[in-house]
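Chemist: predicted model and sequence below, questions to follow.
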Amino acid sequence: MNNVRPLARRLFPAAFGLAAALVLAGCAPATTAPESGNDAGTPTAGGTLVYASGDAEPSCLDPHVGGNYPQALVSSQYLETLYTKDAKGNLVPWLAEDSTVSQDGLTRTVKIRKGIKFTDGTALDAAAVKANFEHLLDPKTASSTGYLALGKIDSMKALDAATLELKLKSPDNSLLESFSMPWVAIESPTALKRSQEENCAAPVGTGPFKVESWKKQDAVNLVRNEDHVQPVATPGHEGAAYLEGITWRFIPEAATRYAALQAGEVQIIDNAQPDSIAAAAKSQGIKHLDAPRPGASNRIELNSSKAPFNDSKVREAFIHAVNVDAGIDSLFFGTAPRSYSPLSSVEPLAYSAETLFAYDPAKAGELLDSAGWTERDSEGYRTKDSKRLSLAFPVSTSQSIPAEQSLFEQLQATAKESGIEIKINLLDLSSWYGELFTNDYNLVSAPYTKVGPSVLSILFHSDSTIPAPSGYFANLSQVKDPALDELLDSAGSTADEAERKEKYAQAQKLVLEGHYLLPLYDQQNHFLYSEKLRNVGATTAVATPTFFDTWLAK
């Protein structure tokens, strides 16, 4: 077996060119390759890392419940997955030892690694993994990401302690990619028998840390798992993590997080803002980890199920009426290269079509005229049958950084020049979900992280208009196209890699040419950290940092 580790991304100092990030081969996670010119030095055991998150505090620390990115960030420290990614981006076994699939693609057999225990003493085996999958697929768990990822599993059976057999409803060539995500991480089956409230407060995993306590609206306290056994050993690092623990704080205000990092009160922050990244590049004491997410690009989706975007001409006109490039250039300081694809640029099968997204007010005007929006009201907005061309755009403040909100305002201004009104409504997460549930939107920005191109089925297949048990549904542009469904079904089930690539390219082309979305940039995942925090850079398959090999310099 190859000696590999969880995905280690190189750090980007001054110029921070985004390699574009939120998912198959070897066997094991790897040590972080230090950035050029940065001698991490000799590891020192001890100390508590203080992490400051700008994401909304999870309501549950179990990523099976719901399944959002803040859960993935913290749970990656105490839960582990069946598969992970190595430093080259290849999918490799982790808690699993191997996996095979039948010729018809309907039976997946997973071999579970031996000799690993959860922090409550329960042994990892095939029955434990089966219990986890049952937990994820149980509607009472209210899973979204994990539930959708395992949706093709029809039944499962532990053939022996090390062998789990999965029967599938249809072939699923993305299943191992799904196994690499924190939302499908493996928890103690003993702990899962507790109430959901108990399990949400302190999930039990096999990771290098474990949950000691959680003071809500303040911090989650993690302590070192002294009995941790890495499924595949890191060369030169045996046994437990170097850090004694991690204090996972929640500091919503970006400037406060950055000030705390500068003052040495915390050692690493997430959701770093573009201006802070630019400032950090000039600082000797602060470093930058750029780990964009796999899955979908950050994008604005256009709700095609209702007027005015049920007219493809109006959708196309909107895309040409907004000056995305100018906004990104002025607000993101080079940290967010423009995307022209439904997929993150770290997805090998991403298809881009830059020519479809030129800022062209003249073309927007022609399209709107041909669609019947020929008149203007007293404020300069276009009208049709005395109704203003107005677009409702609910924005979640917890999922959209201030720079992005400013970008939306710039798009609002350029759209007005073409006679299109955009009504931006900043909402808390609960209210934002309410707008989506009642279909009270024309535009929406909804990040979705999943390993691999199968995220396209979640985002654009007509079946995805049916909510997951959590109430979440993903096809927010509400595309209902049998031809697209057929492409996505075929791409997701074929055993031929060339056919998979071609079908996913055709599907992306159809979505882009249908003007169902406006790609912006990769899902941003910027971390700033103190130079005293050494050997930072190892991440999971969904680009969440892990700290097994990290230590604090004295």
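Modeler: Looks like it arrived, so ask away.

Chemist: contacts for the lowest-mean-pLDDT helix or strand in the chain next, please.
Modeler: Using mean pLDDT, DSSP states H and E, the weakest-scoring helix or strand in the chain turns out to be helix 429-437, at a mean of 89. With contacts defined as C-beta atoms under 8 Å, 6 or more residues apart in numbering, helix 429-437 is touched by 56, 392, 394-396, 398-399, 425, 427, 441, 444, 446, 471-473, 476. In short, each C-beta sits where N, CA and C put it, glycine included.

Chemist: farthest pair in these?
Modeler: For the contacts of helix 429-437, the maximum inter-member distance is 22.6 Å, found between 56 and 392 (C-beta to C-beta).

Chemist: the stretch 451-554 of the chain: strands as residue ranges?
Modeler: Using DSSP state E, counting those that start in this stretch, the strands of the stretch 451-554 of the chain run over 517-521, 526-530, 533-534, 551-552.

Chemist: with the stretch 1-150 of the chain instead?
Modeler: The residue ranges that make up the strands of the stretch 1-150 of the chain, judged by DSSP E, counting those that start in this stretch, are 48-53, 83-85, 91-93, 96-101, 107-112.

Chemist: quick check: mean pLDDT across the second one?
Modeler: So that's strand 83-85. The predicted model assigns strand 83-85 a mean pLDDT of 95.

Chemist: for that strand, which strands pair with it and how are they oriented?
Modeler: The pairing partners recorded for strand 83-85 under DSSP bridges are strand 91-93 (antiparallel).

Chemist: how far does the partner strand sit from its chain's centre?
Modeler: In terms of C-alpha atoms, centre = their mean, to the nearest Å, the centre of strand 91-93 is found 19 Å from the chain centre.

Chemist: average pLDDT across that strand?
Modeler: In this model, strand 91-93 has an average pLDDT of 95.

Chemist: who does the closest residue in space to residue 377 that isn't next to it in sequence form a beta bridge with?
Modeler: Sequence neighbours aside, residue 383 is the residue nearest to residue 377 in space, at 5.3 Å (criterion: C-beta to C-beta, 6 or more residues apart in numbering). Beta bridges link residue 383 to residue 375, residue 388, judged by DSSP bridges.

Chemist: quick one: residues contacting residue 383.
Modeler: 373, 375-377, 389.

Chemist: distance of it from residue 413?
Modeler: 20 Å (C-beta to C-beta, to the nearest Å).

Chemist: so the residue nearest the centre of the chain, which state does it fall into?
Modeler: Residue closest to the average C-alpha location in the chain (C-alpha atoms, centre = their mean): residue 449, at 2.6 Å. Taken by DSSP: H, G, I helix; E, B strand; the rest coil, the conformation at residue 449 corresponds to coil.

Chemist: what separates it from residue 182, distance-wise?
Modeler: 10 Å.

Chemist: now for those two: what residues contact both?
Modeler: 72, 542.

Chemist: need the helices for the stretch 151-300 of the chain, in chain order.
Modeler: Under the criterion DSSP state H, counting those that start in this stretch, the stretch 151-300 of the chain carries helices at the ranges 175-179, 189-192, 196-201, 254-262, 274-280.

Chemist: out of the ones you listed, which is closest to residue 341?
Modeler: Within the helices of the stretch 151-300 of the chain, the stretch nearest residue 341 is helix 175-179; the backing value is 17.9 Å (C-beta to C-beta).

Chemist: just the closest of the contacts of residue 383 to residue 289, please.
Modeler: Looking across the contacts of residue 383 and measuring by C-beta to C-beta, the closest to residue 289 is residue 389, at 42.6 Å.

Chemist: could you tell me how many residues sit around that closest one?
Modeler: Summarising burial for residue 389: neighbours were counted as other C-beta atoms under 10 Å, giving 25.

Chemist: one step back: how about the contacts of residue 383 in JSON lines, adding pLDDT and distance to residue 198?
Modeler: Listed next are those as JSON lines, based on pLDDT from 0 to 100; distance: C-beta to C-beta, whole Å:
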{"residue": "373", "pLDDT": "98", "distance to residue 198": "56"}
{"residue": "375", "pLDDT": "97", "distance to residue 198": "61"}
{"residue": "376", "pLDDT": "97", "distance to residue 198": "60"}
{"residue": "377", "pLDDT": "97", "distance to residue 198": "57"}
{"residue": "389", "pLDDT": "98", "distance to residue 198": "52"}
